[in-house]
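A.B. asks: fold the following, please.
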Amino acid sequence: ERDDSIYRANCAFAAVFTAEVVFRLISDGYRFFFGLLNVADFILVASSIGELFLSSVSVASLRILRVFRIGRVFRAVRIVRKLRELRILAHGLAMSLKALVWITMFLAILK
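C.D. replies: Residues are numbered from 1 along each chain as shown. Below is the predicted model:
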């Protein structure tokens, strides 16, 4: 059951990232391939799709495709870094949680 849910999540992430790359290819055209990060994104998406299609094959050489999963993490971090508003929101949330901990401790002392 766990493997099935992981497979479905992997499919969902691959679909979202594939759609993003396709939209960027449509909007940028051939200039898409001039950016190093765009090429890295394309390779990561292609390897994700390849891994999904070849997941039923148990060939040891296909394990190299799993190495590209680490690249997806870096890709997600890069996307988050670009979103200034999300960083501001995350920072504000972190600061409010810090204050919430102190308030909770203060109320526990008063009780």
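A.B. asks: use CA for all of it now, contacts and neighbours both
C.D. replies: Noted.
A.B. asks: need the pLDDT of residue 7.
C.D. replies: With respect to pLDDT, residue 7 scores 80.
A.B. asks: give me the buried positions along the helix or strand harbouring it.
C.D. replies: According to DSSP states H and E, residue 7 maps onto helix 2-28. The neighbour-count check on helix 2-28 (16 or more other CA atoms under 10 Å) flags 10, 14, 17, 18, 21, 25 as buried.
A.B. asks: chain center to it, what's the gap?
C.D. replies: Remark: helix 2-28 is offset 10 Å from the chain centroid, using CA atoms, centre = their mean, to the nearest Å.
A.B. asks: which helix or strand lies directly C-terminal to it?
C.D. replies: helix 36-53.
A.B. asks: so for that next one, mean pLDDT?
C.D. replies: 82.
A.B. asks: starting at the chain centroid, how far to it?
C.D. replies: Put simply, helix 36-53 sits 13 Å off its chain's centre (CA atoms, centre = their mean).
A.B. asks: ditto for stretch 85-92
C.D. replies: The answer for stretch 85-92 is 18 Å, by CA atoms, centre = their mean.
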